[in-house]
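S.K.: okay, sequence plus prediction incoming.
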Amino acid sequence: MGTPAEIGTETGAGKFTFAELEEIEQDLDKLARWLDKIGGRDFFPAQDRERAGQALQRCREAVARFAGAVYAAKGLGASGEPPTRVAPGG
């Protein structure tokens, strides 16, 4: 569910596909929405809220790394464009 553990599983299985990336991004969006909803109902903010935000940030970073791996596996740069080729000697 958009967690570093799930990304690790997909990476270990070599599932560097855009479908997997999209599914993981959707899961991350769900987690972010849930955290916002919980935060809106939390009348007693505590240390757990900060830890949850930090965990979500770690998930975002893991998804970004996975996205880079997916694009690299497809021979594309982060923008979706083929990498720029430099002429030999240039």
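M.R.: Perfect, thanks for sending it. Note that the structure is predicted; figures quoted are calculated from it, not measured.
S.K.: in this protein, where's the longest helix?
M.R.: The longest helix of the chain (DSSP state H) is helix 47-73.
S.K.: for it, buried residues please.
M.R.: Neighbour counts over helix 47-73 (16 or more other Cβ atoms under 10 Å) mark Ala52, Leu56, Cys59, Ala62, Val63, Phe66, Ala67, Val70, Tyr71 as buried. Any C-beta I mention is one placed from the backbone N, CA and C, and that applies to glycine too.
S.K.: ok, now stretch 7-19?
M.R.: For stretch 7-19, the neighbour count (16+ other Cβ under 10 Å) marks Ile7, Glu10, Thr11, Lys15, Phe16 as buried.
S.K.: didn't the last one look like it was pressed against Ala73?
M.R.: Yes: applying Cβ atoms under 8 Å, one finds Phe16 in contact with Ala73, separated by 3.7 Å.
S.K.: excluding covalently adjacent residues, which one is nearest to Arg65?
M.R.: Ile7 (7.7 Å; Cβ to Cβ, 6 or more residues apart in numbering).
S.K.: just want the angle from the helix or strand hosting that neighbour to helix 47-73.
M.R.: Ile7 is part of helix 4-12, with elements assigned from DSSP states H and E. Inter-element angle recorded for helix 4-12 and helix 47-73: 10 degrees (by axes from the mean of the first three to the mean of the last three Cα atoms, to 10 degrees).
S.K.: check which element follows helix 4-12 along the chain.
M.R.: helix 18-41.
S.K.: next, the buried residues of that next one.
M.R.: Across helix 18-41, burial judged by 16+ other Cβ under 10 Å covers Glu20, Leu21, Glu23, Ile24, Asp27, Leu28, Leu31.
S.K.: so what touches that helix?
M.R.: 1-3, 6-7, 10, 45, 49, 52-53, 56, 59-60, 63, 66-67, 70, 74 (Cβ atoms under 8 Å, 6 or more residues apart in numbering).
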